[in-house]
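Q: All I have is the shape, not the residue letters:
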Ligand SMILES: Cc1cc2nc3c(=O)[nH]c(=O)nc-3n(C[C@H](O)[C@H](O)[C@H](O)COP(=O)(O)O)c2cc1C
């Protein structure tokens, strides 16, 4: 059984929801999963994990500074075990921008860090207009209007494709499976 740490950075909780969904998928495969805010993760948390997944949302074009700081602080521990990174933003609701190669935020972020995650994903996030303050709501509505998205200020819009989140969880689970035991007897016989 592997222990997977999912370290997340969120503002409004949607990245945590995605992390919890990944937990559900990975646990079905018999692994243990810890889901923790990235700011609460210690070096010991990483060292005691067989794999680490980092998840972070975009706000006004950037991940929070804590994400790059976490990666720089724990770079060696990340590289020493199976690892993955996912980014959450609403640009990813658009076809082509929902994959790591096509998402401008993830591409830009990867240029600013030395870590090369083994696995990458981008997930479309959620806009909960009523929960936003006036300034944020107005700006996000304007951006949505510019990009042909929903602008109803009373609406909650979830763009996340949960099947893709599940598929990412499955891929992570597969990377944790022990390597098949080689059948040397039959290999020798051939
Ligand atoms: C104030 C604000 C700014 C945002 N800025 C961006 C942005 O620049 N680009 C983008 O694609 N999504 C942007 N989003 C969408 C968020 O990435 C999306 O709501 C995501 O689900 C937030 O995840 P979180 O709840 O884990 O923080 C923004 C959302 C808010 C509320």
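A: Yes, it's here. What you are looking at is a predicted structure, and each value in this text was computed from that prediction instead of being measured. Numbering: from 1, shown residues only.
Q: so, in contact with the ligand or not, stretch 86-101?
A: Yes: using Cβ under 6 Å from any ligand atom, stretch 86-101 reaches the ligand at 88-91. No exception for glycine: its C-beta is placed from N, CA and C like everyone else's.
Q: repeat for stretch 135-146
A: Yes: counting by Cβ under 6 Å from any ligand atom, contacts between stretch 135-146 and the ligand involve 136, 140.
Q: starting at the chain centroid, how far to that stretch?
A: 24 Å (Cα atoms, centre = their mean, to the nearest Å).
Q: Now residue 143: closest residue in space, sequence neighbours ignored.
A: Once flanking residues are discounted, residue 143 sits nearest to residue 149: 7.7 Å by Cβ to Cβ, 6 or more residues apart in numbering.
Q: Return the backbone torsion pair for that neighbour.
A: With angles defined as degrees, to the nearest 10, residue 149 sits at phi -100, psi -180.
Q: same thing with residue 159?
A: phi -100, psi 0.
Q: show me what contacts it?
A: Listed by Cβ atoms under 8 Å, 6 or more residues apart in numbering, the contact set of residue 159 reads 90, 92-93, 124-127.
Q: returning to that earlier point: how many residues are close by the residue nearest to residue 143?
A: Residue neighbour count, defined by other Cβ atoms under 10 Å, stands at 17 for residue 149.
Q: quick one: contacts for it?
A: 90, 93, 127, 143, 157.
Q: hmm, back to that, can you say which of the contacts of residue 159 are buried?
A: Buried members of those, counted by 16 or more other Cβ atoms under 10 Å: 90, 92-93, 124-127.
Q: neighbour-wise, which of the residues of stretch 86-101 next to the ligand leads?
A: In terms of neighbours by other Cβ under 10 Å, the residues of stretch 86-101 next to the ligand top out with residue 88 at 28 neighbours.
Q: Having no further points to raise, I will conclude here.
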